[in-house]
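>>> everything below, folded, please.
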Amino acid sequence: MRTSRLLTAAVCTAALAATVTGCAGAKQPGAGSAAYTVTPNSPAAKGPLPSFTWSLYAEPYTLDYAQAFDYPPNTVLANVCEQLLRVTPDLKIEPGLAVKWENPDPLVWVYTLRSGVKFHDGSTMTADDVVASLKRQMDPATGSPWGSAFKNVKTIEKTGPLQVTLRLTKPDVLLNELMAASPGTIESAAFLAKAGKEYGVPGGKVNCTGPYALDTWQQGESITLRKYAGYWDKKLTAKTDTVRFTFVEDPSARTNTFLSGTADGGYMVPSSSLAQLRASSKGKVYFGPNTAAADLAVLDFKGTLGDLKVRQALSMALDRKNIIKAAAGGIGIPAKAPTARGAWSLTPERTEGYFKDLPEPVYDVAGAKELVDQAGATGKKVTLVTSTLAPEISVVANAVQAAGRQIGLDVQLKSVSPEAYSSIFVDPNARKGLDLVITNGYDNTPDPLEFYQYLRTGDFANYGNWSDPVYDAAFDRANAAADPGARSDLTAELQRIAVRELPVIPVYEAPYTVFLGNRITGAPTGISQLYYPWAATIGASS
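Below is the predicted model of the structure:
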């Protein structure tokens, strides 16, 4: 999921702002559109506000931290709940609810907790709350998509009033980094016990430690947060008293909320409206650091795409430059790997070297058709799921269907509702009968190893159940490497395997986007907003 003052603007341009500090202010060329600038923050707020309204492209399906596995729920929860560690707007990891963390032994992680932190009900956070919150992620009854992050955890114990110790069965550096994302979220143990099944559902409550508390959730209409006066981090004291989230799934209607002022802002601007919003006098579009790439994830390795030659052929048939123009408003670059360059911020000075070693995406329809013939796959069916969830999904789906048919594959599109599309990523039953899904796979942490854990045998997010023992062994070596440089080099090995075997077909990279209406400013611009209390920094623009 970042930063080197050693990178030149030329390298930044090639890497699509793979680092933040080195690239801030560097102009990025779009594929057929005006240049853009990638920066981690919008201009600072100049004063407080009584309220602002924020647009989400879909209603959160939960506000339970253990179930939050997508943009809408995490965008809200980032301001309400906090983690042991914190990802900053420039994609670094810093102390959060833990003031320090130690790794005295490869099989031990020790967290010293911040004293005097209050939950929204006024109770004080203790080690007992941390133990309960983390153990809940591991409990099969919770059904958390984050459960696999704890697969190497043997015990979670309170080892002092403000100290928690995790003991492992094998070294796991990534587990510690994920304490800055949903796996490291802390909730009141007493509140969890009291809320039971009503926790985090519409009409229910949560009781965390962030700068905002959940006020109301009117299902189908809005979620409202209120400023929490007892928040511990004074430098992130909320500048706005009330934040109201609204849900608008239709991209054109959502764009109109920005232009009319019905919504003051929103992340993940509809790509089909980028040019219109950039030209508007009603506000400004900002481009931020991103760890995500648009990919095609294979869902069935027993079907047509189980043959590597067919996967290679489909990749070769994709006209990525035209896909970027149509799906991303011309803002982006063809992807060489399933992870974005922006995901490589642990050792950003090495990023360009890693990506230079990878083959360039080849657009060769004739060569792709020959591979399909060699595989004996001419006329075979490939089912690609599509949805109205986001305009780029249908654009990419149509492009893949056209490309597949050009090379002899019978690519069929199956359209599903936005809710059903989201279910594909959390419910194995929702994947039955499907071969491909368009993903916007992102890292929650500043370490590309996070993405590559999802391709391990048996991982929750290994949607197609791809398995490669060589890959699994390489992952374990990387995850045991405490030194960031060594871990980065080992992760590059995983990347090479993934590019060679194509369990995920890379399509394109694009920066993160946020629209801010004229009356507000101060928002972080990048993907850190999923875990950083971004709403707290928003205030009046004048």
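>>> nearest residue to the middle of the chain?
For the chain, the residue nearest the mean C-alpha position is Tyr442 (3.6 Å; Cα atoms, centre = their mean).
>>> so where's the chain uncertain?
For the chain, the stretches flagged by pLDDT under 70 are 1-34.
>>> how about the biggest helix by length in the chain as PDB, C-alpha atoms only?
Scanning the chain for the longest helix, with DSSP state H as the assignment, gives helix 484-501. The C-alpha trace of helix 484-501 is given here as PDB (Å, rounded to 0.1, in the frame of the first residue of the first chain):
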ATOM      1  CA  PRO A 484      11.700  -4.300   5.500                       C
ATOM      2  CA  GLY A 485      14.300  -4.500   2.700                       C
ATOM      3  CA  ALA A 486      14.600  -8.200   2.900                       C
ATOM      4  CA  ARG A 487      10.900  -8.600   3.100                       C
ATOM      5  CA  SER A 488      10.400  -6.300   0.100                       C
ATOM      6  CA  ASP A 489      12.800  -8.400  -2.000                       C
ATOM      7  CA  LEU A 490      11.000 -11.600  -1.000                       C
ATOM      8  CA  THR A 491       7.700 -10.000  -1.800                       C
ATOM      9  CA  ALA A 492       9.000  -9.200  -5.200                       C
ATOM     10  CA  GLU A 493       9.500 -12.900  -5.700                       C
ATOM     11  CA  LEU A 494       5.900 -13.500  -4.900                       C
ATOM     12  CA  GLN A 495       4.900 -10.800  -7.400                       C
ATOM     13  CA  ARG A 496       7.000 -12.500 -10.100                       C
ATOM     14  CA  ILE A 497       5.200 -15.800  -9.500                       C
ATOM     15  CA  ALA A 498       1.800 -14.200  -9.500                       C
ATOM     16  CA  VAL A 499       2.500 -12.400 -12.800                       C
ATOM     17  CA  ARG A 500       3.800 -15.700 -14.300                       C
ATOM     18  CA  GLU A 501       0.900 -17.800 -13.100                       C
END
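>>> which residue ranges of the stretch 251-400 of the chain form strands?
For the stretch 251-400 of the chain, the strands defined by DSSP state E, counting those that start in this stretch cover 265-267, 283-288, 293-298, 333-334, 381-387.
>>> how many other residues sit next to the spatially closest residue to the residue nearest to the centre of the chain that is not a sequence neighbour?
Once flanking residues are discounted, Tyr442 sits nearest to Ala292: 3.6 Å by Cβ to Cβ, 6 or more residues apart in numbering. Every residue, glycine included, has its C-beta placed from N, CA and C. Look at Ala292: counted by other Cβ atoms under 10 Å, it has 23 neighbours.
>>> look up how far Ser51 lies from Ala292.
30 Å (Cβ to Cβ, to the nearest Å).
>>> just to revisit the earlier point, against which helices or strands is the longest helix of the chain packed?
Packed against helix 484-501 by the contact rule (3 or more Cβ pairs under 8 Å, 6 or more residues apart in numbering; DSSP states H and E) you find helix 351-356, helix 449-453, helix 469-479.
>>> what comes up buried for that helix?
For helix 484-501, burial by neighbour count (16 or more other Cβ atoms under 10 Å) applies to 487-499, 501.
>>> that helix vs helix 469-479, what angle?
160 degrees (axes from the mean of the first three to the mean of the last three Cα atoms, to 10 degrees).
>>> and the contacts of helix 484-501?
By Cβ atoms under 8 Å, 6 or more residues apart in numbering, the residues outside helix 484-501 that reach it are 173, 308, 336-339, 344, 346-347, 350, 354, 357-359, 447-449, 452, 455, 466, 468, 470-471, 474-475, 477-479, 481, 504, 506.
>>> parallel or antiparallel, which strands does the next helix or strand after that helix pair with?
Sequence order places strand 504-509 as the next helix or strand after helix 484-501, per DSSP states H and E. Counting by DSSP bridges, the strands paired with strand 504-509 are strand 293-298 (antiparallel), strand 333-334 (antiparallel).
>>> those: which one's closest to Asp427?
Nearest to Asp427 among the strands paired with strand 504-509 is strand 293-298; the distance by Cβ to Cβ comes to 14.6 Å.
>>> for the closest one, C-alpha coordinates in CSV please.
Output of strand 293-298 as CSV, limited to C-alpha atoms (Å, rounded to 0.1, in the frame of the first residue of the first chain):
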residue,chain,number,x,y,z
ALA,A,293,-5.3,-1.9,-8.8
ALA,A,294,-8.2,-3.0,-11.0
ASP,A,295,-7.8,-6.7,-11.6
LEU,A,296,-9.7,-9.8,-12.9
ALA,A,297,-9.7,-12.4,-10.2
VAL,A,298,-10.2,-16.0,-11.4
